[in-house]
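1. Compute the structure for the input listed below.
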Amino acid sequence: MRGDYQQLVDEISAALGAPATLEDRDFGLIAFGAHEGDDDEVMDPVRTRSILQRRSSAAVRAWFEAFGIARAKTALRIPPDPAAGVFRGRICLPVRHRGIVHGYVWLLDDGHLTDLALGGRGAPPDPRIAQAMETAARIGALLADEARAGSELGDLLRELLISEPAGRPGAAAALRDALRDTLRFTPGVPLALVAVLPWDTSDTDVAPLPSLPGLLAACALPAGGGPADAVEPAPVGPDEPDTAAPNGKGRGRAGDAAVRPRPTGPAPALAALVRLRSTGALAPAHTVAEHLLRSPRAGGTPAAAGRSGGPADGQAGRGAARAGGPAGQGAAGIGIGTRDLADLPATWREALDAARAARAEPRLGPIAQWDAIGGYRMLTALPAAAPDPAIGPLLAPAHAELARTAEVFLDCAGQASRTAQALGIHRQTLYYRLGRVEKLTGLDLDDGEHRLLLHMALKAARL
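-> Just a heads-up that it's a prediction; the model follows:
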């Protein structure tokens with residue numbers, strides 16, 4: 001299938017005499033043609049990044065989408081903008097099938113395509129553009145077929161993951177047959193599930209997933225099972241004057257975070273089924289997780305960089321394109337591998353729990369394996385519950401720094417010197433804060449049972 005795409009892209013490049021690339025609707029690279037010559041400006045930063053990283057950033061995607069490429073039905077001309085890393089102009093050929101856009105063919109214009117008629121508004125296109133659009137339509141049909149096959153496998157995977165225990169053997173058999181017929185899948189090879197949380201499912205016509213080694217099927221599922229109140233990292237704020245700390249080191253370092261309750265609903269998560277190596281090593285699952293986390297769908301869609309609002313909007317778009325930051329704050333979890341498709345529901349729960357832990361605990365993420373998340377293996381399995389009454393006051397935003405101090409103290413096994421060093425504060429300041437924690441909660445931090453309650457409550461609040 002991928003060879004077919006490359007052949008069609010080469011046809012377009014040859015017809016128009018320009019380097020071409022094919023990307024899916026999420027700007028994941030599918031195929032690209034070679035470019036001739038030694039002019040570095042032909043390989044502008046945006047195209048170079050697309051080829052080397054196999055996709056464009058979310059900011060670049062937003063910049064190009066601002067020209068209306070997702071709505072276009074004919075070829076579009078994109079002007080150069082060196083400030084955005086676009087040294088050469090481009091012609092964008094939307095790749096559609098039955099009205100749905102599945103991707104884009106990009107043609108770099110070194111100047112010889114400037115006067116090429118693209119058609120529209122009653123004017124006929126140049127015959128070369130018409131031929132290229134016909135080829136783009138053939139690419140669209142292939143992508144649609146691939147999306148349809150992937151959608152069917154995803155539907156079967158979803159049915160298995162949500163099935164009751166009595167129905168799992170039948171659902172597993174249906175998925176096994178479909179994998180064998182579609183991908184020549186050999187039963188008995190080790191498999192793993194990757195959970196990506198959150199995953200944007202706002203589109204009704206979901207684009208095909210990237211063709212990655214080992215990726216067999218994927219579907220979106222509600223990431224339920226979390227508490228009614230989620231938490232988000234909160235910047236450290238002043239809680240008391242740290243007069244005991246020398247050299248002004250009393251406050252937490254920039255970037256320290258504390259738990260803060262925040263109402264939220266369950267976000268959808270992506271379940272990706274990955275075929276592992278014969279040894280069962282999870283390296284292919286990590287590769288798939290890394291790729292999926294770079295998708296704009298992981299953590300939410302990028303902000304639009306509209307141009308309809310005038311020059312100010314255009315400047316915002318160019319700044320975003322230069323930034324090229326992450327698409328969102330998503331995380332991925334990997335479940336323990338299995339050779340039995342009927343065990344995938346349990347593996348999915350492990351993967352989802354690992355993703356939840358990776359989102360809650362930055363030191364675990366952005367990709368975590370279930371067997372490496374420690375105490376979160378138990379916490380993620382517990383039903384949703386309100387914070388313990390004794391701990392509730394500590395979780396108020398006004399006491400974020402105290403909560404952070406208590407958590408680090410317990411993470412450091414109650415060792416004051418390690419805690420003070422980790423927080424960048426004087427030991428006397430640490431003792432002062434811990435005393436305030438005891439008064440606020442009524443707990444005795446010299447009591448092991450009280451420490452356990454506080455530690456688990458703070459970790460549960462992160463989830």
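2. rest of the way, CA atoms for contacts and neighbours
-> Will do.
3. what's next to stretch 106-117, contact-wise?
-> Here stretch 106-117 makes contact (C-alpha atoms under 8 Å, 6 or more residues apart in numbering) with 13, 18-22, 42, 88-93, 124-126, 129.
4. Please pick the buried ones from those residues.
-> 13, 18-22, 42, 88-93, 125, 129 (16 or more other C-alpha atoms under 10 Å).
5. circling back: in strands only, show me the contacts of stretch 106-117.
-> Assigned to strands by DSSP state E, the following of those qualify: 20, 21, 22, 89, 90, 91, 92, 93.
6. My read is that the first one contacts residue 29, right?
-> Spelled out, that is residue 20. No - using C-alpha atoms under 8 Å, residue 20 is not in contact with residue 29; the gap is 11.3 Å.
7. Mind naming the longest helix for the protein?
-> In the chain, taking DSSP state H as the definition, the longest helix is helix 127-162.
8. and that one, which residues are buried?
-> Of all the residues in helix 127-162, those buried under the rule 16+ other C-alpha under 10 Å are 129-133, 135-144, 146-147, 149-161.
9. and after it, which helix or strand comes next?
-> helix 168-183 (DSSP states H and E).
10. What angle do helix 127-162 and that following helix make with each other?
-> 160 degrees (axes from the mean of the first three to the mean of the last three C-alpha atoms, to 10 degrees).
11. could you say what helices and strands helix 168-183 packs with?
-> helix 127-162 (3 or more C-alpha pairs under 8 Å, 6 or more residues apart in numbering; DSSP states H and E).
12. now the helix it packs on: how far from the chain's centre is it?
-> 22 Å (C-alpha atoms, centre = their mean, to the nearest Å).
13. list the helices and strands it packs on?
-> Helix 127-162 packs on helix 2-16, strand 89-97, strand 100-109, helix 168-183, strand 215-222, helix 344-360, going by 3+ C-alpha pairs under 8 Å, 6+ apart.
14. what's the average pLDDT for it?
-> Mean per-residue pLDDT for helix 127-162: 87.
15. Run a quick neighbour tally on residue 29.
-> 22 (other C-alpha atoms under 10 Å).
16. Ok, residue 11 next?
-> Residues within reach of residue 11, counting by other C-alpha under 10 Å, total 17.
17. circling back to that earlier point, tell me the one of the buried ones among the contacts of stretch 106-117 nearest residue 384?
-> Among these, residue 22 lies closest to residue 384 (C-alpha to C-alpha), at 45.2 Å.
18. Leaving out the residues flanking it, which one is nearest to the closest one?
-> residue 105 (4.5 Å; C-alpha to C-alpha, 6 or more residues apart in numbering).
19. Tell me the confidence at the one you found?
-> On the pLDDT scale, residue 105 is placed at 93.
20. Would you confirm that it contacts residue 18?
-> No - the pair residue 105 and residue 18 fails to qualify as a contact (C-alpha under 8 Å) at a distance of 11.5 Å.
21. Thought residue 407 was touching residue 458, still the case?
-> Yes - the pair residue 458 / residue 407 is scored as a contact, 6.7 Å apart, by C-alpha under 8 Å.
22. could you dump stretch 439-457 to PDB, C-alpha only?
-> Provided in PDB are the C-alpha atoms of stretch 439-457 (Å, rounded to 0.1, in the frame of the first residue of the first chain):
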ATOM      1  CA  LYS A 439      -2.600  21.300  62.400                       C
ATOM      2  CA  LEU A 440      -4.600  21.600  59.200                       C
ATOM      3  CA  THR A 441      -5.300  17.800  58.900                       C
ATOM      4  CA  GLY A 442      -5.200  16.700  62.600                       C
ATOM      5  CA  LEU A 443      -2.700  14.000  61.500                       C
ATOM      6  CA  ASP A 444       0.500  13.000  63.300                       C
ATOM      7  CA  LEU A 445       3.400  12.700  60.800                       C
ATOM      8  CA  ASP A 446       5.300  10.500  63.300                       C
ATOM      9  CA  ASP A 447       2.600   7.900  63.000                       C
ATOM     10  CA  GLY A 448       3.000   5.400  60.200                       C
ATOM     11  CA  GLU A 449      -0.800   4.900  59.700                       C
ATOM     12  CA  HIS A 450      -1.300   8.700  59.400                       C
ATOM     13  CA  ARG A 451       1.600   9.000  57.000                       C
ATOM     14  CA  LEU A 452       0.100   6.200  54.800                       C
ATOM     15  CA  LEU A 453      -3.300   7.900  54.800                       C
ATOM     16  CA  LEU A 454      -1.800  11.300  53.800                       C
ATOM     17  CA  HIS A 455       0.500   9.800  51.200                       C
ATOM     18  CA  MET A 456      -2.200   7.800  49.400                       C
ATOM     19  CA  ALA A 457      -4.700  10.600  49.600                       C
END
